[in-house]
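Colleague: okay, sequence plus prediction incoming.
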Number of protein chains: 2
Amino acid sequence: MVIVLSSQKKPLKHVAQKPSEFRQDLVTGDWVVIATGRARRPHAYAAGRPVVNDDIATCPFEDLVKSGNEKPVLTLKDKNGWTVLAVSNKYPALTHGNGTCPIEASQGLYRYMEGTGFHEVVILRDHYATLAELPASRIVPLIAVYRQRFSVLKKEPCINYISIFHNSGREAGATLTHPHSQLIALPVVPPDIARSIAGSDRYYLGEKKCVHCELLSYERKEKKRIVFENAHMIVMAPYASRSAFELRLFPKRHGPHFEEMTSGQEHAAAEALHAALWKLHKGLKNPAYNYFVHTAPTKGHQHDHYHWHIEIIPKTQIWAGFEIGTGIEISSIAPETAAAYLRSIK
Amino acid sequence: MVIVLSSQKKPLKHVAQKPSEFRQDLVTGDWVVIATGRARRPHAYAAGRPVVNDDIATCPFEDLVKSGNEKPVLTLKDKNGWTVLAVSNKYPALTHGNGTCPIEASQGLYRYMEGTGFHEVVILRDHYATLAELPASRIVPLIAVYRQRFSVLKKEPCINYISIFHNSGREAGATLTHPHSQLIALPVVPPDIARSIAGSDRYYLGEKKCVHCELLSYERKEKKRIVFENAHMIVMAPYASRSAFELRLFPKRHGPHFEEMTSGQEHAAAEALHAALWKLHKGLKNPAYNYFVHTAPTKGHQHDHYHWHIEIIPKTQIWAGFEIGTGIEISSIAPETAAAYLRSIK
């Protein structure tokens, strides 16, 4: 049973040490974020990447007040106390600014804009929990918090896309072992999302159908890449896997907006995410992984043919010079083989 | 003094255990490579990523015959023996096929094509060498081999792009410490290259100028992102850096084709690459890194306004769920700060 203890409509204003900025590559048109709020000095990089903190005594999520965080923006409780909470990131990649929308401007030859947006952390109560080992019932409130914070942030005037993601393990970029996810609310639709939506647009224009609905229908007949299925959700290894054992979780019923799933879908999504993470955890012996949601932009209905989903990428390999230099990923196992193996893991 | 000992016009035919294939994502249109030639069984992934081999006794590059490699396709020698050689990769990501070009075909709903192409390894003689610590004079023959193999492979009928890259350190995806680079010759122009070229096309159409020439002229006036400069080359931290301490190496004189640089440029490029790698090595204490060449497609002259360059990405951070899920990289240091620090490293 999930009880909402406190939920603010708007996150608190947060004063970052230094405002971040979007900068555009003059050639490719890609935007990056320069977020110097964490303010590491150059020679600090010589010490290598930040050490992973797994010590409960110094974990900043154990006592949010002591570690200098603002008040949570959302707290879920059960009879034993809080289970999941959301809080503004103390070191945000994007900062709120003064409520105005960022304006593209010139810096000499280049284009930039203020790093306006929101960056929140979603924290599970138990420092020692491993998401993959938690029962599905403990994943339900996590998804509930994603959805609630998404629904609040999408009402902000300058927000066009919200990325929900989870990093687990050092090799996946997590510097704290305490299980936590993140939401970053952006003024722009990011390039990878824009390209996914453009592909969906293209197919819809030609076929008058949702490309992902077609793909799911085909995969359910083929069966060989399906890893898990329940009443509402499907987990499969994609035909064009970007890395070995990549998985994608789709709702069976068409829906553009992650945050608009029903309560039945929410429970099914928790069960399917649990199944996917458990199979990777047991089958590949606790790999580091990232997962993230792909969903429609927050404003407008012109992309309602898009089909939200979650992509799960275990760190079975490193994208090296070839992948980073070309954008073509090489996977060393066929997704059909990976799927057959993961289906066998109970 | 570099002496060519043996150079075959065509690489030897190579029989892979299993042919690889390109597969296209139905939604985004992106191609990936499924290369199962290395034939790891599913449960082998449970042991984690391959262990890094730094032992000279078992290094496959110490005795190529004993480790089952084919004859080198190119060997450079000095008075003490070979210094750099190129050999077909024993575990190729792409395989030569029978000399025919790959044809796009359907697999149910999806598109795929044979993984036709070439994959070579360029090996430096000294097992214990660190590329960053070698003098520029030892980098010259390395670049010479890149160029010579590029020039041979580009004549193959089905090759449209050749990626040259180097991975150093476990976190950059190198599984052997023995210094080596790779060339992968592809039947398609990869998406990241295509986007870079499209940006260059766009600028050229509007301004009748090379976008990179403009950028270099601007940066040389600004000075704050320049890290190193000699008669022919510039090393700079890009305005829209994709990661902390990213560097890019450009020839000052316009040229679309890496392989067509002059001997003077080759020496200057070796000196500039040496300077860049040395500054990262000393300034960041031997970080893992990737570098790769961006150059014009091998066929045709319609992209002669493109300006070849080398991108160097030290592993100062991990691209995690946000970066992988959106395509927007977050960098925690301004490139101007990174450049000032690296300029100070001698």
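Modeller: Good, I have the coordinates. Numbers count the residues shown, from 1 in each chain, chains lettered A, B, ... in the order given.
Colleague: which residues sit in contact with residue A:273?
Modeller: By CB atoms under 8 Å, 6 or more residues apart in numbering or on different chains, the residues touching residue A:273 are A:136, A:139, A:143, A:249, A:291, A:310. Placement of C-beta: from N, CA and C, glycine included.
Colleague: the third one: neighbour count?
Modeller: Read it as residue A:143. The number of residues packed around residue A:143, counting by other CB atoms under 10 Å in any protein chain shown, is 23.
Colleague: how about residue A:106, what does it touch?
Modeller: The neighbours of residue A:106, taking CB under 8 Å, 6+ apart as the test, are residue A:112.
Colleague: and it, what element?
Modeller: Secondary-structure element containing residue A:106, defined by DSSP states H and E: strand A:105-107.
Colleague: distance between the very next helix or strand once past that strand and the chain's centre?
Modeller: Next in sequence after strand A:105-107, counting helices and strands by DSSP H and E, comes strand A:110-114. Averaging C-alpha positions (CA atoms, centre = their mean, to the nearest Å) puts strand A:110-114 25 Å from its chain's average.
Colleague: near chain B at all, strand A:110-114?
Modeller: Yes. With CB under 8 Å from any CB of the partner chain as the threshold, strand A:110-114 lies in contact with chain B, specifically through residue A:110.
Colleague: and for stretch A:163-176?
Modeller: Yes. Stretch A:163-176 comes into contact with chain B (CB under 8 Å from any CB), by way of A:163, A:165-167, A:171-174.
Colleague: ok, which of the contacts of residue A:273 also contact chain B?
Modeller: Here is what survives when the contacts of residue A:273 are matched to chain B using CB under 8 Å from any CB: residue A:291.
Colleague: let me know the closest of the contacts of residue A:273 to chain B.
Modeller: Distance to chain B across the contacts of residue A:273 (CB to the nearest CB) is lowest for residue A:291, with 6.6 Å.
Colleague: give me the pLDDT for the closest one.
Modeller: Residue A:291 is assigned a predicted lDDT (pLDDT) of 98.
Colleague: quick one: low-confidence residue ranges for chain A.
Modeller: When residues are selected by pLDDT under 70, those of chain A lie in A:1-17, A:38-40, A:48-50, A:97-99.
Colleague: just the contacts of residue A:273: which are in helices?
Modeller: Using DSSP state H, the members of the contacts of residue A:273 that fall in helices are A:136, A:139, A:143.
Colleague: columns distance to residue A:46 on top of those, output as TSV?
Modeller: Formatted as TSV, the ones in helices among the contacts of residue A:273 follow (distance: CB to CB, whole Å):
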residue	distance to residue A:46
A:136	44
A:139	40
A:143	40
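Colleague: still on that earlier bit, what would the contacts of residue A:273 look like in CSV with distance to residue A:221?
Modeller: As requested, those are arranged in CSV below (distance: CB to CB, whole Å):
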residue, distance to residue A:221
A:136, 27
A:139, 29
A:143, 29
A:249, 19
A:291, 26
A:310, 22
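Colleague: if we can go back for a sec, can you flag the buried ones in the residues of stretch A:163-176 next to chain B?
Modeller: Among those, those scoring as buried are A:163, A:165-167, A:171-174 (criterion: 16 or more other CB atoms under 10 Å in any protein chain shown).
Colleague: enumerate every residue touching the residue of chain A most remote from its centre.
Modeller: The outermost residue of chain A, judged by C-alpha distance from the chain's mean C-alpha position using CA atoms, centre = their mean, is residue A:108 at 34.2 Å. Going by CB under 8 Å, 6+ apart, residue A:108 touches B:218, B:222.
Colleague: before we move on, what about residue A:118?
Modeller: Taking CB under 8 Å, 6+ apart, we find residue A:118 in contact with A:11, A:88, A:92, A:94, A:96, A:153, A:156, A:159, A:183-185.
Colleague: partners of the spatially most central residue of chain A in the sheet?
Modeller: For chain A, the residue nearest the mean C-alpha position is residue A:165 (1.7 Å; CA atoms, centre = their mean). Under DSSP bridges, the beta-bridge partners of residue A:165 are residue A:182, residue A:292.
Colleague: residue A:62: neighbour count?
Modeller: Using other CB under 10 Å, residue A:62 is surrounded by 15 other residues.
Colleague: and the one 3 residues further on, by the same measure?
Modeller: Residue A:65 sits with 8 neighbouring residues when counted by other CB under 10 Å.
Colleague: which SS class is residue A:185?
Modeller: Reducing the assignment to helix, strand or coil with DSSP: H, G, I helix; E, B strand; the rest coil, the entry for residue A:185 is strand.
Colleague: helix, strand, or coil at residue A:339?
Modeller: Following three-state DSSP, residue A:339 is assigned to helix.
Colleague: ok, it to chain B distance?
Modeller: Here residue A:339 is placed at a distance of 10 Å from chain B (CB to the nearest CB, to the nearest Å).
Colleague: residue contacts, the closest residue to that residue other than its chain neighbours?
Modeller: The spatially closest residue to residue A:339, leaving aside those adjacent along the chain, is residue A:237, at 4.2 Å (CB to CB, 6 or more residues apart in numbering or on different chains). The contact partners of residue A:237, by CB under 8 Å, 6+ apart, come to A:225, A:227, A:245-248, A:335-336, A:338-339, A:342.
Colleague: farthest-apart pair in the buried ones among the residues of stretch A:163-176 next to chain B, please.
Modeller: The widest separation within these, taken as CB to CB, falls between A:163 and A:171 and amounts to 20.3 Å.
Colleague: care to break chain A down by domain?
Modeller: According to the domain assignment given by automatic domain parsing, chain A is divided into the following structural domains: A:3-188, A:209-344.
Colleague: and the nearest residue in space to residue A:117 that is not next to it in sequence, how many neighbours?
Modeller: Sequence neighbours aside, residue A:94 is the residue nearest to residue A:117 in space, at 3.1 Å (criterion: CB to CB, 6+ apart). The number of residues packed around residue A:94, counting by other CB under 10 Å, is 26.
Colleague: that older thread, which of the domains of chain A sits most buried?
Modeller: Per-stretch averages of neighbours, counted by mean count of other CB atoms under 10 Å in any protein chain shown, single out domain A:209-344 among these, with a mean of 21.
Colleague: show me where the stretch 1-150 of chain A has its strands.
Modeller: Applying DSSP state E, counting those that start in this stretch to the stretch 1-150 of chain A gives strands spanning A:3-7, A:21-24, A:31-34, A:74-78, A:81-88, A:105-107, A:110-114, A:118-124.
Colleague: can you list contacts of stretch A:197-212?
Modeller: Applying CB under 8 Å, 6+ apart, the set of residues contacting stretch A:197-212 from outside is A:189, A:214, A:250, A:254, A:296-297, A:303, A:305-307, A:309, B:25-29.
Colleague: same deal with stretch A:88-99?
Modeller: Contacts with stretch A:88-99, where a contact means CB under 8 Å, 6+ apart, come from A:11-14, A:16, A:19-20, A:33, A:35, A:37-38, A:60, A:67-70, A:73, A:114-121, A:157, A:182, A:184-186, B:322, B:330.
Colleague: next one: it to chain centre, how far?
Modeller: Distance, stretch centre to chain centre, for stretch A:88-99: 17 Å (CA atoms, centre = their mean).
Colleague: gap between the two ends of stretch A:27-37?
Modeller: Stretch A:27-37 has an end-to-end distance of 27 Å (criterion: CA to CA, to the nearest Å).
Colleague: do the same with stretch A:129-136
Modeller: With CA to CA, one end of stretch A:129-136 sits 13 Å from the other.
Colleague: can you give me the end-to-end distance of stretch A:214-234?
Modeller: Across its full length, stretch A:214-234 reaches 13 Å between end residues, using CA to CA.
Colleague: output stretch A:197-209 as PDB, restricted to C-alpha atoms.
Modeller: Below are the C-alpha coordinates for stretch A:197-209, written out as PDB (Å, rounded to 0.1, in the frame of the first residue of the first chain):
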ATOM      1  CA  ILE A 197      10.200   9.700 -33.000                       C
ATOM      2  CA  ALA A 198      11.200  10.700 -36.500                       C
ATOM      3  CA  GLY A 199      11.400   6.900 -37.400                       C
ATOM      4  CA  SER A 200       8.000   6.400 -35.800                       C
ATOM      5  CA  ASP A 201       6.600   9.500 -37.700                       C
ATOM      6  CA  ARG A 202       8.000   8.100 -41.000                       C
ATOM      7  CA  TYR A 203       6.400   4.700 -40.500                       C
ATOM      8  CA  TYR A 204       3.100   6.300 -39.400                       C
ATOM      9  CA  LEU A 205       3.000   8.500 -42.500                       C
ATOM     10  CA  GLY A 206       3.500   5.500 -44.800                       C
ATOM     11  CA  GLU A 207       1.600   2.800 -43.100                       C
ATOM     12  CA  LYS A 208      -0.900   4.700 -40.800                       C
ATOM     13  CA  LYS A 209       0.200   2.400 -38.000                       C
END
